[in-house]
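> What shape does this take:
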Amino acid sequence: MTTLTAARGTMPLSGHLREARGRAVRAAAAVAVGIIAGYVLSDGILEILRAPIEQLALERSASLNYDSVTGAFELKLKIALFAGIVLASPVWLYELFRFLAPGLTRREKRYTFGFVFSALPLFAAGCATGFVLFPHMVELLASFASAEDSTILTASYYVDFVMKVIVATGIAFVLPVFIVLLNFMGVLSAAAIRRSWRAILIAIVVFSALVTPAADVLSMFLVALPMTVLFAAAFGIAHVHDHRAARRAAADLLPAPTT
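Reported below is the predicted structural model:
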């Protein structure tokens, strides 16, 4: 019975559970190692995040503050957890893909593989963009206060703000890959994308305005421009895919040559 099951390429439920447990343990171990590394690096990361505040302190009274005795330790743990998940992402993404791959068809595997390996560099590029922009955003937002006022920021709130900006920008850069994936799956056509270009452009502008200060046109432009280029590239890929699919469908409808 076991040989027959293996020959058919299936696995009993107990086998799936054992595989899931093994892959979950390896993924958790990688995250744990990443968290330890993140904790070691947390002071350096916080120094980088604190740089805009130190620059602001040259012109006015500005500082990061903790609202509890355990605030500094909790912040280090938060940074370590975030860094650990990021550092371990190649491992837990690989384990997740390997667990799901046997249940996917060859076409679904190709799409999933292409999506993951396209999304990862785009997400990294988006996070890098957000990382470059956030010091300018902090400086501009703080400049609305009078020079006689003190800028006293709660450290946990400040780090959350920076992380949200970085992650949101990273996710925004990945959205065009979702559009291509939906097109390849037959859910979204290139014609529908073309009809919605105005709404997409407005959404890009609104998102760029939300993640950048309202008065900072340059930062908004630096976020909106690459997103627009990525969505245009996604439309181009969808258009080529639909054109090829239409040609294949037309060829299948042609009568077979007679001899």
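> in stretch 166-184, what's buried?
Neighbour counts over stretch 166-184 (16 or more other Cβ atoms under 10 Å) mark 166-177, 179-184 as buried. (Glycine included, C-beta is placed from N, CA and C.)
> so where's the protein uncertain?
Scanning the chain for pLDDT under 70 picks out 1-13, 211-216, 253-259.
> can you map out the helices along it?
Along the chain, counting by DSSP state H, helices occupy 2-7, 13-57, 71-87, 89-100, 106-142, 155-184, 190-195, 197-211, 217-253.
> Let me have those in CSV, extended by distance to residue 64.
Output for those, formatted as CSV (distance: least, Cβ to Cβ, whole Å):
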stretch, distance to residue 64
helix 2-7, 59
helix 13-57, 6
helix 71-87, 9
helix 89-100, 28
helix 106-142, 11
helix 155-184, 4
helix 190-195, 44
helix 197-211, 22
helix 217-253, 22
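> so which of these is the most packed in?
helix 155-184 (a mean of 19; mean count of other Cβ atoms under 10 Å).
> now the angle from it to helix 106-142?
Helix 155-184 runs at 140 degrees relative to helix 106-142, counting by axes from the mean of the first three to the mean of the last three Cα atoms, to 10 degrees.
> Helix 155-184 packs against which elements?
Counting contacts by 3 or more Cβ pairs under 8 Å, 6 or more residues apart in numbering; DSSP states H and E, helix 155-184 packs against helix 13-57, strand 62-65, helix 71-87, helix 106-142, helix 190-195, helix 197-211, helix 217-253.
> hmm, who's touching the shortest one?
Contact partners of strand 62-65, identified using Cβ atoms under 8 Å, 6 or more residues apart in numbering, comprise 50, 53, 56-57, 142, 150-155, 158.
> What is the nearest of those to residue 100?
In terms of Cβ to Cβ, no member of those lies closer to residue 100 than residue 158, at 37.6 Å.
> my read: that closest one touches residue 46, true?
No: at 10.0 Å, residue 158 and residue 46 do not qualify as touching, with contact defined as Cβ atoms under 8 Å.
> which residues sit in contact with residue 195?
Shown in contact with residue 195 (Cβ under 8 Å, 6+ apart): no residues.
> separation between it and residue 228?
Noted for residue 195: a distance of 17 Å to residue 228, by Cβ to Cβ, to the nearest Å.
> picking that back up, just send the helices and strands packed on helix 155-184 back as a markdown table, with distance to residue 93 too.
Converted to a markdown table, the helices and strands packed on helix 155-184 look like this (distance: least, Cβ to Cβ, whole Å):
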| stretch | distance to residue 93 |
| --- | --- |
| helix 13-57 | 9 |
| strand 62-65 | 33 |
| helix 71-87 | 11 |
| helix 106-142 | 6 |
| helix 190-195 | 27 |
| helix 197-211 | 25 |
| helix 217-253 | 21 |
